[in-house]
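Trainee: Here's a sequence, model it:
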Amino acid sequence: FNLHYFQPLLTNMPMTPKSKIDANDLTYYGQFSRNGAKEGFGIVVSYEGHHFTGFFRDNLPNGEGRLVFNNGDVLLGTFKGNYVVGEAEIFYLASETIYKGQFEKNMPHGDGELYSVNGDAGYVGEWSFGLKHGYGTERWEDGTVFEGNFFEGEKHGNGKFSWPDGACYEGQFRHNSISG
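Mentor: Below is the predicted model:
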């Protein structure tokens, strides 16, 4: 995803502001279809401070776009309707982490990786609607590593913990705890 792609569109496009496009109290700057629908490239800003820059079709995001939330989180990806679909990435400002991978219904779903901005900690593996679910590897800044199964966000099933001092445990986990 390359935001520089949008720069010529922003500088060479007549921007027509329109307020209160719909019941959600949105302000839209961009291109319209002949029947007045958001169509083509545009920017929409909500009264809560979220804003989306990208392509529209039939009044909805459609194609590559960038969604900036009012808390500073930034989501880059391909949108279809109000959902990001397929490969995307999101930067979480508060936790200073980045997720890159597959999405479904605006949540990490499928294969993906979440890591700290400094790269010392993170998770690589399977996700289900925003939760670690399936097989994955989790690393902490101190060098501790867990590799194994996750269920609804918790270590659950077979797995292996390795600590920086060389100690390790391999066996069963249940609800994030060693179980055996």
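
Trainee: tell me the average confidence for stretch 90-109?
Mentor: If you average the pLDDT over stretch 90-109, you get 93.

Trainee: actually stretch 31-43, sorry about that
Mentor: Mean predicted lDDT for stretch 31-43 stands at 87.

Trainee: Check which residues of that stretch are buried.
Mentor: Neighbour counts over stretch 31-43 (16 or more other CB atoms under 10 Å) mark Gln31, Phe32, Lys38, Glu39, Gly40, Phe41, Gly42, Ile43 as buried. Heads up, the C-betas are built off the backbone N, CA and C, glycines and all.

Trainee: Disregarding residues adjacent in the polypeptide, which is nearest to the spatially most central residue of the chain?
Mentor: The centre of the chain sits closest to Ile90, judged by CA atoms, centre = their mean, with a distance of 3.6 Å. Counting by CB to CB, 6 or more residues apart in numbering, Ile90 lies nearest to Leu75, which is 4.5 Å off, once chain neighbours are set aside.

Trainee: My guess is that neighbour contacts Leu93. True?
Mentor: No - using CB atoms under 8 Å, Leu75 is not in contact with Leu93; the gap is 11.6 Å.

Trainee: more crowded one of those two?
Mentor: Leu75 (20 against 11; other CB atoms under 10 Å).

Trainee: Give the partner strands of the helix or strand where the more buried one lies in its sheet and their orientations.
Mentor: Using DSSP states H and E, Leu75 maps to strand 74-80. Strand 74-80 has the following sheet partners, assigned by DSSP bridges: strand 60-68 (antiparallel), strand 83-92 (antiparallel).

Trainee: what sits against the residue nearest to Met107 when sequence neighbours are not counted?
Mentor: Nearest non-adjacent residue to Met107, counting by CB to CB, 6+ apart: Gly130, 3.9 Å away. Contact analysis of Gly130 by CB atoms under 8 Å, 6 or more residues apart in numbering lists Met107, Pro108, His109.

Trainee: Compare the residues you listed and tell me which is most surrounded.
Mentor: Busiest of the contacts of Gly130 [other CB under 10 Å] is Pro108, holding 25 neighbours.
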